[in-house]
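Enquirer: Show me how the following folds:
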Amino acid sequence: SVTAPVKGLYDTIDKLEPGSYVWLAADYDPGSMPELYPMNIALMDHLLSRNVKIISASLWAPGPPLSQRVFETVAPKYGKTYGVDFVNLGFKEGREAVMLQSAEDIRSTFPRDYFGTPYEQIPMLQSIRNLKDVKMIISISAGYPGLKEWIQQVGTRYHMTIGGGVTAVSAPEMYPYLQSGQLVGLLAGMKGAAEYEQLVARPGLGTAGMVAQSSVHLMVVIFIVFANVVFII
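Expert: Model (predicted):
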């Protein structure tokens, strides 16, 4: 079943006007790929199908190649072009300072994209000066810096719409922000990715992973019951 936080993120993205811009922060690494990579694919799938333009950037060094891999997987299905419909600005060290600087001036924060192309030569960025020019920030986060910092540093200060996805172990920390309205939606771990795939009607890695995960959970329960029966006997 689809939970309310996942539905909230889906509904917010589904209401975005075609041609609007979204900032997609890929703040994770290969170690968290099983949970976060499927939701990255599902979110990009939804955004590009809605003709929303995506600006991707990362505060984690391994993030940009993972984000680029998702672009190369999803974009061809919709005939989207790099630099026109989506762009990968790469990695920038600085954590919260980068968030705040991007909120004021993206060009000075990311003067070149992931491939070294100057900011002013990227067609889709000509009208974008700072994060106030995007409709929404989505953070796919494995830890610090990540979704919580985007909420605290940018969302609250600049009154921006923020949604995101985190690993399952990080999800409980995010629920107060959902309750306060500072976070419009949340994908929690592989289950959150599978739920989102269900909403966009594109089963993928999240759904496949849940089959394996549920099977292991069932096996553990059977072992616990068996061990207790043996103990009682």
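Enquirer: Show me where this protein has its strands.
Expert: Remark: strands assigned in the chain by DSSP state E are 21-27, 53-58, 86-91, 136-141, 162-166, 186-188.
Enquirer: Give the other helices and strands that the shortest one contacts.
Expert: Strand 186-188 sits against helix 4-14, strand 162-166, helix 189-199, with contacts defined as 3 or more CB pairs under 8 Å, 6 or more residues apart in numbering; DSSP states H and E. For the C-beta atoms, the positions are set from N, CA and C on the backbone; glycine is no exception.
Enquirer: now for these, which one comes closest to residue 42?
Expert: For residue 42, the closest of the helices and strands packed on strand 186-188 is helix 189-199, at 4.5 Å, according to CB to CB.
Enquirer: Now do the closest one against strand 136-141, angle only.
Expert: Per axes from the mean of the first three to the mean of the last three CA atoms, to 10 degrees, the angle that helix 189-199 makes with strand 136-141 is 140 degrees.
Enquirer: Show me what helix 189-199 is packed up against.
Expert: So helix 189-199, by 3+ CB pairs under 8 Å, 6+ apart, packs with helix 4-14, helix 33-49, strand 162-166, strand 186-188, helix 205-232.
Enquirer: Show me what counts as buried in the last one.
Expert: Spelled out, that is helix 205-232. 205-207, 209-210 (16 or more other CB atoms under 10 Å).
Enquirer: For the chain, which residue occupies the most central location?
Expert: Centroid-nearest residue in the chain: residue 140, 3.1 Å away (criterion: CA atoms, centre = their mean).
Enquirer: Bridged to it, which residues?
Expert: residue 26, residue 165 (DSSP bridges).
Enquirer: Just to check, it is in contact with residue 36?
Expert: Yes. Residue 140 is in contact with residue 36 according to CB atoms under 8 Å; the separation is 5.3 Å.
Enquirer: any common contacting residues for these two?
Expert: Jointly contacting residue 140 and residue 36 under the rule CB atoms under 8 Å, 6 or more residues apart in numbering are 28, 165-166.
Enquirer: Need the buried ones from these selected in PyMOL.
Expert: Buried members of the shared contacts of residue 140 and residue 36, defined by 16+ other CB under 10 Å, are picked up in PyMOL with:
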select buried, resi 28+165+166
